[in-house]
Structure formats: structure tokens, C-alpha cells
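A.B. asks: Got a predicted model here, sequence first, then my questions.
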Amino acid sequence: MRGLVNNGLVCATNSVLQCLYATQEYRDTLSHEKYNTNNGTVPGELHRLFRALANQTSDSACDSMPCVIALVTCMYATPQVGVMDDADTVFKCSLVALADAGDPACKELSELWMIKKKEKFTCSQCKTERVMNTVASDITVNPTQEPLTCLQEYMNTYSESYTVTDCYCNVCKRDTELSVVTTFVELPRLLCVKIARVRTSTRDKSVTVYRNTANVRFAARLCCNNLLANAQYELYAVVLHTGDPVTGHYSAIVKSDQTWMYVSDSFVRPMGMHFSFDKIGTTAYMVLYRRTPQ
């Protein structure tokens with residue numbers, strides 16, 4: 001397995017790129033030569049980078065900068081190179097860039113992560129109901145809202161239903177509470193579970209941003225039957241974050257040829273026979289799963 005050169009504050013992008021390369025569906029689709037002519041686009045630069053990573057004749061780190069520039073161009077109206085981006089932002093930007101590429105195969109790649117939901121809004125006064133169909137690209141868990149020690153236990157009771165106070169109903173013309181019941185309609189082939197690691201604290205009119213180091217235990221398999229029947233997933237990649245919440249450092253652990261590999265920019269090493277996911281519970285940020293056949 002080959003690493004990626006860090007040309008300055010691109011560890012988040014490098015980590016996401018390694019996770020995308022570890023995604024078989026991405027390698028299969030973007031290996032097609034038709035993307036080789038798309039210079040400067042996200043599909044074209046992913047094609048060239050994946051081809052370089054697959055080159056077994058060299059073990060030197062690959063240059064990810066063309067891919068970084070293509071992604072940065074999508075993220076900002078005025079491209080900014082040398083600015084630390086969040087791995088979640090890079091991940092979502094890659095999905096949008098593929099969806100907007102004008103290529104049906106790339107659009108299918110972006111939809112591999114799509115979570116389809118139905119939200120029903122009910123007025124507590126007149127019981128009027130409204131239904132909205134929504135989509136998301138990840139499930140976010142927040143260790144600060146409740147004691148979270150085991151991801152599986154969290155998913156067993158996970159719900160996105162809630163109550164909104166101080167609302168006004170246009171039907172009964174009264175102030176009211178709004179109950180929102182969320183139903184999961186379809187879970188994706190690839191599932192991203194994001195652990196909210198950044199916390200803010202307000203005291204004496206000052207805001208402090210700090211990193212949540214809660215230890216979240218997770219395993220190689222995740223059952224999401226609480227959300228939808230027959231939804232079993234298997235882990236294949238993790239994005240890690242250490243250090244300061246604003247800067248810090250991103251790295252990744254990915255499954256390559258049945259071997260777990262640690263990748264930190266150009267540094268690559270196998271995790272070893274005694275590797276345990278418990279050792280990365282405080283640094284795991286984005287946990288990527290693939291749905292298993294029923």
C-alpha cells in the first residue's frame with residue numbers, strides 16, 4: 001500500500017482519499033479510461049490518483065495535490081490551498097462533486113452513501129400533519145448528549161425523532177409544539193457514522209472550542225436493524241483525528257487485502273496481529289461500513 005505526500009495542511013484530504021481508494025466500488029468505476037481526459041475535475045483526478053496508488057512497481061508516496069486542488073475548487077468560490085479542511089467537509093464535497101460531474105456512473109457513486117428518511121411534523125394543538133422526504137450522507141452520533149461508550153448500543157436505541165418548542169402553526173393560528181417523527185426509508189450500501197468530536201463551551205461571554213475525547217468502542221460489525229430490517233454492516237475504514245480541534249492531524253485505518261493498514265500521509269504500516277479497535281476509540285472520527293449481503 002502506498003502513502004500520499006502532504007504538501008502542507010492536506011492530511012484531512014489525504015485520509016479521505018485513502019478511504020475512498022479502499023472503497024471497491026470507487027476503484028471499479030473510476031478505473032475506466034474515459035476519466036483519464038477529465039483534467040482538473042474530481043473524477044479525472046481520482047482516476048489518476050487511484051491508478052498511481054495501484055502501481056505496485058513503486059512503494060514511494062503518491063502526489064495527491066492535483067486531487068486536493070480539484071476538491072478545493074469545488075469547496076470554495078475562491079480556491080484556497082494551504083488551509084486546513086475538516087475531513088467531513090472533504091468527504092461531503094467529494095460526493096457533491098461526483099453527483100454534479102454529469103456522469104451517471106459518478107452520480108451512482110455519490111448515492112452509495114445516501115440515507116433516505118421521511119419526517120412527519122405534527123402540531124400538538126390541531127394535530128395537523130406534514131410529511132417531508134429528506135436525505136443524508138451520514139449518521140452523526142454525539143458523545144456529549146449522553147454517555148456514549150459503545151457504538152452498537154447507541155445504534156440499538158438511535159432515533160432522530162424530537163420535539164420543537166416555540167413554533168407557530170399556520171393552520172390553527174396558535175403557538176404550539178411540533179413533534180417530529182423520523183422514519184428511515186432506505187439505508188445505503190456504504191454507511192458513514194460520524195462521531196462529533198468538537199465541542200464548544202460558552203462562559204463569561206467567551207466561546208471555547210475543545211476536542212471531545214470520549215472513548216467510543218466499536219467493532220468490525222454493526223447492526224442497524226433498529227433503523228431498518230436486515231441492515232448489517234462490516235467495517236472497512238476509519239478516519240482518525242488527534243490534537244487540537246481546529247488543526248490537529250488526520251490519519252486513517254483502512255482494510256487492504258484483508259489486512260488493516262495505518263496510513264498517515266506518506267507513512268504506511270500494517271496494524272499487526274494484535275490490533276484492537278479499542279485502541280482508537282478516543283480518536284475515531286468517521287467510521288465507514290459496507291452493507292453485508294443478506
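C.D. replies: That came through fine.

A.B. asks: Show me what S264 bridges to in the sheet.
C.D. replies: Per DSSP bridges, residues listed as beta-bridge partners of S264: F267.

A.B. asks: cool, V238 as well?
C.D. replies: Going by DSSP bridges, V238 forms beta bridges with I253, V287.

A.B. asks: What residues does it make contact with?
C.D. replies: Counting by CB atoms under 8 Å, 6 or more residues apart in numbering, V238 makes contact with A252, I253, V254, I280, A284, Y285, M286, V287, L288. All C-beta spots, glycine's among them, are computed from the backbone N, C-alpha and C.

A.B. asks: Tell me the buried residues within those residues.
C.D. replies: The neighbour count (16 or more other CB atoms under 10 Å) marks A252, I253, V254, I280, A284, Y285, M286, V287, L288 as buried among the contacts of V238.

A.B. asks: Quick check: closest non-adjacent residue to the fifth one.
C.D. replies: Once flanking residues are discounted, A284 sits nearest to V238: 5.4 Å by CB to CB, 6 or more residues apart in numbering.

A.B. asks: separation between the one you found and T165?
C.D. replies: Distance of V238 to T165, computed by CB to CB, to the nearest Å: 37 Å.

A.B. asks: what are the ranges of the helices in the stretch 51-200 of the chain?
C.D. replies: 65-75, 87-99, 104-111, 151-156 (DSSP state H, counting those that start in this stretch).

A.B. asks: what comes up buried for the last one?
C.D. replies: Read it as helix 151-156. For helix 151-156, a neighbour-count test (16+ other CB under 10 Å) marks L151, Y154, M155 as buried.

A.B. asks: okay if I get the buried ones among the contacts of V238 as JSON lines plus distance to D100 and pLDDT?
C.D. replies: Formatted as JSON lines, these follow (distance: CB to CB, whole Å; pLDDT from 0 to 100):
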{"residue": "A252", "distance to D100": "25", "pLDDT": "97"}
{"residue": "I253", "distance to D100": "30", "pLDDT": "97"}
{"residue": "V254", "distance to D100": "26", "pLDDT": "97"}
{"residue": "I280", "distance to D100": "33", "pLDDT": "89"}
{"residue": "A284", "distance to D100": "30", "pLDDT": "93"}
{"residue": "Y285", "distance to D100": "26", "pLDDT": "94"}
{"residue": "M286", "distance to D100": "22", "pLDDT": "96"}
{"residue": "V287", "distance to D100": "26", "pLDDT": "96"}
{"residue": "L288", "distance to D100": "22", "pLDDT": "97"}
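
A.B. asks: Which single one of those is nearest to C223?
C.D. replies: V287 (14.0 Å; CB to CB).

A.B. asks: Touching, that closest one and L235? I think so.
C.D. replies: Yes: in this structure V287 lies within contact range of L235 using CB atoms under 8 Å: 6.8 Å.

A.B. asks: shared neighbours, the two?
C.D. replies: Joint contacts of V287 and L235 (CB under 8 Å, 6+ apart) are F218.

A.B. asks: Would you convert the helices of the stretch 51-200 of the chain into a markdown table that also reports mean pLDDT and distance to V268?
C.D. replies: Converted to a markdown table, these look like this (pLDDT from 0 to 100; distance: least, CB to CB, whole Å):
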| stretch | mean pLDDT | distance to V268 |
| --- | --- | --- |
| helix 65-75 | 89 | 18 |
| helix 87-99 | 94 | 18 |
| helix 104-111 | 96 | 25 |
| helix 151-156 | 90 | 26 |
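
A.B. asks: Among those helices, which comes closest to L20?
C.D. replies: L20 lies closest, by CB to CB, to one member of those: helix 87-99, at 6.7 Å.

A.B. asks: got a list of contacts for that closest one?
C.D. replies: Contacts of helix 87-99 (CB under 8 Å, 6+ apart): 12-13, 15-16, 19-20, 41-43, 70-71, 74-75, 106-107, 109-111, 113, 137-138, 192, 194, 239, 241, 250, 285-286.

A.B. asks: For PyMOL, write the select line for the buried members of these.
C.D. replies: The buried residues among the contacts of helix 87-99 can be selected in PyMOL (16+ other CB under 10 Å) with this line:
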select buried, resi 12+13+15+16+19+20+41+42+43+70+71+74+75+106+109+110+111+113+137+138+192+194+239+241+250+285+286
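
A.B. asks: shaky segments in the protein?
C.D. replies: For the chain, the stretches with pLDDT under 70 are 77-83, 144-148, 199-210.

A.B. asks: Right, I'll call it a day here.
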